[in-house]
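Participant: Need a 3D model of the sequence below.
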Amino acid sequence: MQRRKNENNGDLSLQGGFPDPGACDVLRGRPRGDRRTPFAAFRAEEGQAPPYRSFLARIKYDSLDSLDKWALLIIALAIIYGAALLVSGNGLSQAGEDDRRRQPAPQLVMNPELDNKIQQARDLLVRENLDKTEMLVDSLLGEFPYEGRLHMLKGDILVRRQQPVDAMYAYKEAVELHPDFLDKKAELFQGKKIKVTVEEALAAIEAGLKGNPDDTLMKDHLQTVYFMKRKLAGGCG
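Facilitator: A predicted model of the protein is given here:
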């Protein structure tokens, strides 16, 4: 098969053969042989191909490869950036979890004056002076609402007043503030007393539900009983 002679000065035709050598030269950015325009000849003398032909050649042969390379580069950078964010996020999450694990359990407030007043309330309670004890405890709770020992004393007062459900809620506040109340190894352990009160509260709640099965308040109290039982089981109480 013979090469077909180019008749249109750059109009390539593949019918019956391959592009003529002059056309291939154009696509490579080199000027055509003897059919150069004066401007092309001048550029050739300067050692440069006509700029529009170099540009077309680059578009035909280089643009797709360049775009592929840039696309691959952008995708690779995106993957690396995403992986870095993922690792960084996991690291921060792990660091936050480690910090939470290292945080100490809530400690009792060291306040000698408060300690003395709590001891006074205990002494009044031992003497069964419930009114004075409750007045003192309520006053201290207004000043120190996050002191677990005061909530424990409040529960003790309510137990003596035969109010096991209310006492259970006071003990609930105490153990949430100071879990040591349910730790057998802790000096503050009060698990046995709390467990008895929860059982008494359950009996009172069941009696109330027997009389009125639709009592929503008693149903809420029952959920608190279950919560306290789980606390007691988890705290070895």
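Participant: Touching stretch 217-231 from outside, list them.
Facilitator: Outside of stretch 217-231, the residues within contact range by Cβ atoms under 8 Å, 6 or more residues apart in numbering are 165, 168-169, 171-172, 175, 182, 194, 198, 201-202, 205, 208-209, 212, 237. Quick note: C-beta positions are derived from backbone N, CA and C, even for glycine.
Participant: swap that for stretch 162-182, please
Facilitator: Contacts to stretch 162-182, defined as Cβ under 8 Å, 6+ apart, come from residues 105-106, 108, 146-149, 151-152, 154-156, 158-159, 186-191, 194, 197-198, 200-201, 203-205, 221, 224-225, 227-228, 231-232, 234-237.
Participant: Now with 7 Å, please.
Facilitator: Residues external to stretch 162-182 that are found in contact with it (Cβ atoms under 7 Å, 6 or more residues apart in numbering): 105-106, 108, 146, 148, 151-152, 154-155, 158-159, 186, 188-191, 194, 197-198, 200-201, 204-205, 221, 224, 228, 231-232, 235, 237.
Participant: Could you pick out the buried ones from these?
Facilitator: The neighbour-count criterion (16 or more other Cβ atoms under 10 Å) marks 148, 151-152, 154-155, 158-159, 188-191, 194, 197-198, 200-201, 204-205, 221, 224, 228, 231-232, 235, 237 among the contacts of stretch 162-182 as buried.
Participant: Check the spacing between the nearest residue to residue 167 once chain neighbours are set aside and residue 165 real quick.
Facilitator: Beyond its immediate neighbours in the sequence, the residue positioned closest to residue 167 (Cβ to Cβ, 6 or more residues apart in numbering) is residue 158, lying 3.8 Å away. When distance is defined by Cβ to Cβ, to the nearest Å, residue 158 is 9 Å away from residue 165.
Participant: Would you map the helices across this structure?
Facilitator: With DSSP state H applied, the chain shows helices at 21-27, 38-45, 51-61, 63-102, 112-126, 130-143, 148-160, 164-177, 191-211, 216-234, listed in chain order.
Participant: Tell me the helices and strands packed up against the fifth one.
Facilitator: Where contact means 3 or more Cβ pairs under 7 Å, 6 or more residues apart in numbering; DSSP states H and E, helix 112-126 is packed against helix 130-143, helix 148-160.
Participant: Pull the number of nearby residues for residue 166.
Facilitator: Residues within reach of residue 166, counting by other Cβ atoms under 10 Å, total 18.
Participant: do the same with residue 160
Facilitator: Applying other Cβ under 10 Å, we find 14 other residues in the vicinity of residue 160.
Participant: Point out where the protein drops to low pLDDT.
Facilitator: Residue ranges of the chain with pLDDT under 70: 1-69, 87-110, 235-237.
Participant: swap the cut-off to 80 and go again
Facilitator: Counting by pLDDT under 80, the low-confidence segments of the chain come to 1-73, 76, 81-110, 235-237.
Participant: Following the record's annotation, map out the domains of it.
Facilitator: Residue ranges for each domain of the chain read 1-61, 63-103, 112-234, as given by automatic domain parsing.
Participant: What is the end-to-end distance of the longest one?
Facilitator: Read it as domain 112-234. Between the opening and closing residues of domain 112-234 there is a gap of 32 Å (Cα to Cα, to the nearest Å).
Participant: gap between the residue nearest to residue 168 when sequence neighbours are not counted and residue 122?
Facilitator: Leaving aside its chain neighbours, residue 168 sits nearest to residue 201 (4.2 Å; criterion: Cβ to Cβ, 6+ apart). Note on residue 201: its distance to residue 122, by Cβ to Cβ, is 23 Å.
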